[in-house]
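J.: The following comprises the amino acid sequence and a computationally predicted model.
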Amino acid sequence: MGYIYMDFPRTVTRHFRQVFWRYVCNSGIRVRLFSRGCNTSPIYCHTDLTALSFTHTHSDIMIDLFIPAVFFFLVAAAVPVCFTGIRAWQCCSLLQGLAGVFTALASAFVLLRLTGGELLSTSLTPLFPVILGVDRLTAAFTMLLGILTVAVCCYSPGYINRMHGKRSRDLLCSLIPIFLSAMLLVLLSRTTFAFLLFWEVMAISSFFLVLIEYEDEKTRRAAFFYLAMTQLSTVCIFLAIIQVYLATGSFTFPEGMVVSTIPGRIAFLLLFLGIAIKAGAIPFHKWLPYAHPAASSPVSALMSGMMLNTALYMLIRAVTGFFTPDLSVGLLILAFGCITAVLGVMYALKEDDLKGLLAYSSIDNTGVILIGTGLFVVLTATGHASIGTMALLGAVFHAVSHGLFKGLLFLTAGSVNQATGTRNIDELGGLLVRMPWTGGLFFIGVLAISALPPLNGFAGELLIYQALITGLMESEPLMQVVLVIALSLFGLTGALTAVCFVKAFGLTFLALPRTRAAKQAREVPTLMLAGPAILAGGCIVAGIFSSQILTVLGYPGYLPDLFLISVLLTGALGLTYAAIYTFASRETRVSITWGCGMQDPTSRMEYTGSGFTEPVVRIFAPVYRTRISFSKEYHDPERCFVRTGTAKIELMKFFEEYLYLPVARLIDSYGEAVSKLQNGKVDTYVLYVFVTIVVLIVIMGWIA
């Protein structure tokens, strides 16, 4: 049965309200009244309904902005279907931008505790309720979605205008707002049925977004691989919801399910498996390096910056509300996080495709967020709830930070791809001179993802480091061993991330251009710079004012004042520059740059991606399963003078060769066996029916 949602304006008289509610109560309609502007549960009122005030407040208006945001997303999706051309794309981007602004504003009011509660309640049937609501955890992620939406809307018209294929451009413009609205509704969902419904819309729309350039065989392969993985994720979440329903008898979000029971453990494991597949946790990560290079850059920015975080949001909500803290659950999440973080950055190091590198880096950051989440569960379950809160704050802060800097990096990588026509790092170089604004914005993203102070990546990881070290000092000896291992792997992840992005920025933007395309690169249009600039500003503001942000949100003292540190660093830099400018010699000197003794160095003498990471690949050869092969041709029979030679370093795709392909071969063999049973002969089918009936008769007789 549905619900009626009513807010009376102040001009409505008390007598009218009494008449209205008397009519409603006599008609038998269920009425749900909301105590809005506070964090209490809904109030079910059956008598004396006129005792409540139904006036619109400023907070009511702000929380209602989520509803028009969804409306604008859906209208934006319809515009490219009804109209075509650059005007339609611009109109679509404008509507999406308005939706993003509404989402960000409403989220800000919820975060500041000025409003909160449920937005909408309806039911398709009495069994399947759809309830939307928002609290401060939801608002943190919807705020990220709003900012990313505005940035992508600024960036997309210039990017889409350079795409080939009018149909692909219209389809891209139409699917992006559907994808955004689905993610927003997943975040706002307050029942398992609504969550699953919008989760599937998010999955299907993202599949078509990856498949946009369907003429390319690699794109089709990547899209269908992603579809298989995302549907496997949906199946696991569906089974988890069924298990929750069997345990609770309701499709509303559970509260305090005990994981130590068999139903609770099954429900959590299925839910975690579905989330891990969608978030790209190892070993379920292979769809990311396939899907991201195939998708357009705005889509990659949204998938990596928001869709992965949407999955991780549900995990955070599960461990903070659905299930009671359990040590085994925390250790499971922590183990997945450590493995995902370390292996993700290791695989990112060996990538020469710029978007492939960023995709593996998303896996690495998924691991960092899982480490913070698992640490929260472990510390809370062992009686250190305050330290666990610090870890959870670190996980949430890093999730939002990852959305900002990964969106920034994917958008600027898309600009590089459009300016040069390639994503291969070995074919780039020297772009900082030719694309200074894009290079500067990419550099801010590199600083943020490398967790250098005072940017936002540093603040989130610092919270997790503090939780690890503080928990290490206060835990039992056995737990200290676990935390030491986690701390060591977390530190290794940070060091390898810095190496990875030195490679990404240095080989892409510095030194000499390696190809003609890199030499001829030019800066992208202003709007394509405005989108990344918004995200770069978010990285800077969220980092410098991270302590103040946590204080306003009610968590003072968890971080040092990075604003003060920023002022000191800026002052030191200014004094250093002033001293050099004042005391340095004014004499002009002209000399050749030292090039290792070479008179005229060329781009062929620079580091390649493989050469830069070769020492790391050798150190971690057991992980990479490196295969090195040589082939030589000689001038003389004595094999003294080499004529030509080749050397090759191959990295074995471990999870693909030992996990995915065996399962695929097994399914293929099963399919072939089943297909042989369908031989098209009626006599054979009659035999199948006869044997089935006999078997059923025997079984029923045995049971009786």
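T.: Received the coordinates, thanks.

J.: What separation do you get for Met307 and Val698?
T.: As judged by Cβ to Cβ, to the nearest Å, Met307 and Val698 stand 51 Å apart. (C-beta placed from N, C-alpha, C; glycine too.)

J.: Who has more neighbours out of those two?
T.: The neighbour comparison of Met307 against Val698 (other Cβ atoms under 10 Å) goes to Met307, with 24 against 10.

J.: In this model Met183 seems to touch the more buried one, though I could be wrong.
T.: Yes: using Cβ atoms under 8 Å, Met307 is in contact with Met183, at 6.4 Å.

J.: Please identify every residue contacting each of these two.
T.: Listed as contacting both Met307 and Met183 by Cβ atoms under 8 Å, 6 or more residues apart in numbering are Met202.

J.: Between the two ends of stretch 345-355, how far is it?
T.: When the termini of stretch 345-355 are compared using Cα to Cα, to the nearest Å, they are 14 Å apart.

J.: any idea how far it is from the chain center?
T.: 18 Å (Cα atoms, centre = their mean, to the nearest Å).

J.: and if you look at stretch 481-500?
T.: A distance of 21 Å separates the centroid of the chain from that of stretch 481-500, by Cα atoms, centre = their mean.

J.: try stretch 228-244
T.: Counting by Cα atoms, centre = their mean, stretch 228-244 comes out at 19 Å from the chain centroid.

J.: What of stretch 70-82?
T.: Relative to its chain's centre, stretch 70-82 lies at 24 Å (Cα atoms, centre = their mean).

J.: Show me the contact partners of that stretch.
T.: 88-89, 91-93, 95-96, 98-99, 102, 170-171, 173-175, 177-178, 180-181, 184-185.

J.: cutoff 6 Å now
T.: Stretch 70-82 is contacted by residues 88, 91-92, 95-96, 98-99, 170, 173-174, 177-178, 180-181 when judged by Cβ atoms under 6 Å, 6 or more residues apart in numbering.

J.: and that stretch, which residues are buried?
T.: Within stretch 70-82, the residues scored as buried using 16 or more other Cβ atoms under 10 Å are 70, 72-73, 75-77, 79-80.

J.: Then stretch 215-230?
T.: Neighbour-count burial for stretch 215-230 flags 219, 222-223, 225-227, 229-230 (criterion: 16+ other Cβ under 10 Å).

J.: end to end, how far does stretch 518-536 reach?
T.: From its first residue to its last, stretch 518-536 covers 24 Å (Cα to Cα).

J.: what do you get for stretch 314-334?
T.: Termini of stretch 314-334 sit 16 Å apart (Cα to Cα).

J.: who touches Ala448 in this structure?
T.: Going by Cβ under 6 Å, 6+ apart, Ala448 touches 405, 455-457, 539.

J.: tell me the secondary structure for Gly554?
T.: Following DSSP: H, G, I helix; E, B strand; the rest coil, the label given to Gly554 is coil.

J.: need the next SSE after the helix or strand containing Thr497, C-terminal direction.
T.: Assessed by DSSP states H and E, Thr497 sits inside helix 477-509. Toward the C-terminus, helix 477-509 is succeeded by helix 516-519 as the next helix or strand (DSSP H and E).
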